[in-house]
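Visitor: fold the following and give me the result.
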Amino acid sequence: LHVIFLFLVSHYTIAQCSGNLVLNPSFETFTTCPPDINPSCSPDYVTYATSWTTTNCPCSPDYFRTCGGVGVDIPANNFGNQAANTGSAYMGAFTLAGMAVEYRELISVPLLSPLVAGTSYTFEMYVSLSDESVHGSAIAAYFSVGLPSIGCFTLTGVTPQVSFGAVTNKTNWVLVSSNFIAAGGESHVTIGNFL
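Guide: From the prediction side, this is the model:
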């Protein structure tokens, strides 16, 4: 019953990343203010934050900025009221939405340099559950060689190196952090729910 319930509710998580290997970790460098909620992936408003992209179109995460348009402004927007943890921006994504089939949104960014095999790395990011969410869901980071090809509705062959429990705090930004050992050559990180 618990699994069925999770498929029937929507979860929207907003995140800000930190770290010296992630390009544009706080989404502050941008080309254009996001005009609205991302309608599809054409155009992909996530790419307005320099270096970031959506890995699983037509699923469409959202880019929020203080200069954002209808629904994607900070602090008040379509999903509640949340100031940025630092700066003027954050990303938002449905980590699991209940529909006829599973639906999830992912964001991805290249790393400044590929990871070195056998080296221990720490992945950290700040997360907050949106005010409009009913329940929190797990969030994870998947490091890959090249940009992964992951669908909106199915996951095959994807095992994230870093996984965190359910994001449940709607008021504050919460730091999640974990260490992992690189296989080597990983050049991108993709963030979302991989369960």
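
Visitor: burial measure for residue 92, as a count.
Guide: When neighbours are defined as other Cβ atoms under 10 Å, residue 92 has 26 of them. C-beta coordinates here come from the backbone N, C-alpha and C atoms, glycine included.

Visitor: neighbouring contacts of stretch 30-39?
Guide: Contact partners of stretch 30-39, identified using Cβ atoms under 8 Å, 6 or more residues apart in numbering, comprise 44-50, 54, 60-65, 67-72, 78, 89.

Visitor: show me where pLDDT drops low in the chain?
Guide: 1-19, 40-42, 97-101, 154-156 (pLDDT under 70).

Visitor: which parts of it are strands?
Guide: Counting by DSSP state E, the chain has these strands, from start to end: 10-18, 53-54, 62-65, 76-77, 80-81, 89-97, 107-110, 120-129, 138-144, 162-166, 174-181, 188-192.

Visitor: quick one: closest of these to residue 24.
Guide: For residue 24, the closest of the strands of the chain is strand 107-110, at 7.0 Å, according to Cβ to Cβ.

Visitor: distance from that closest one to the middle of the chain?
Guide: Using Cα atoms, centre = their mean, to the nearest Å, we find the averaged C-alpha position of strand 107-110 to lie 9 Å away from the chain's own average C-alpha position.

Visitor: that one: partners in the sheet, and parallel or antiparallel?
Guide: As defined by DSSP bridges, the strand partners of strand 107-110 come to strand 53-54 (antiparallel), strand 188-192 (antiparallel).

Visitor: let me have the strands of the chain in JSON lines, extended by distance to residue 24.
Guide: Supplementary listing: the strands of the chain in JSON lines, determined by distance: least, Cβ to Cβ, whole Å:
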{"stretch": "strand 10-18", "distance to residue 24": "9"}
{"stretch": "strand 53-54", "distance to residue 24": "11"}
{"stretch": "strand 62-65", "distance to residue 24": "11"}
{"stretch": "strand 76-77", "distance to residue 24": "20"}
{"stretch": "strand 80-81", "distance to residue 24": "24"}
{"stretch": "strand 89-97", "distance to residue 24": "9"}
{"stretch": "strand 107-110", "distance to residue 24": "7"}
{"stretch": "strand 120-129", "distance to residue 24": "13"}
{"stretch": "strand 138-144", "distance to residue 24": "16"}
{"stretch": "strand 162-166", "distance to residue 24": "19"}
{"stretch": "strand 174-181", "distance to residue 24": "19"}
{"stretch": "strand 188-192", "distance to residue 24": "12"}
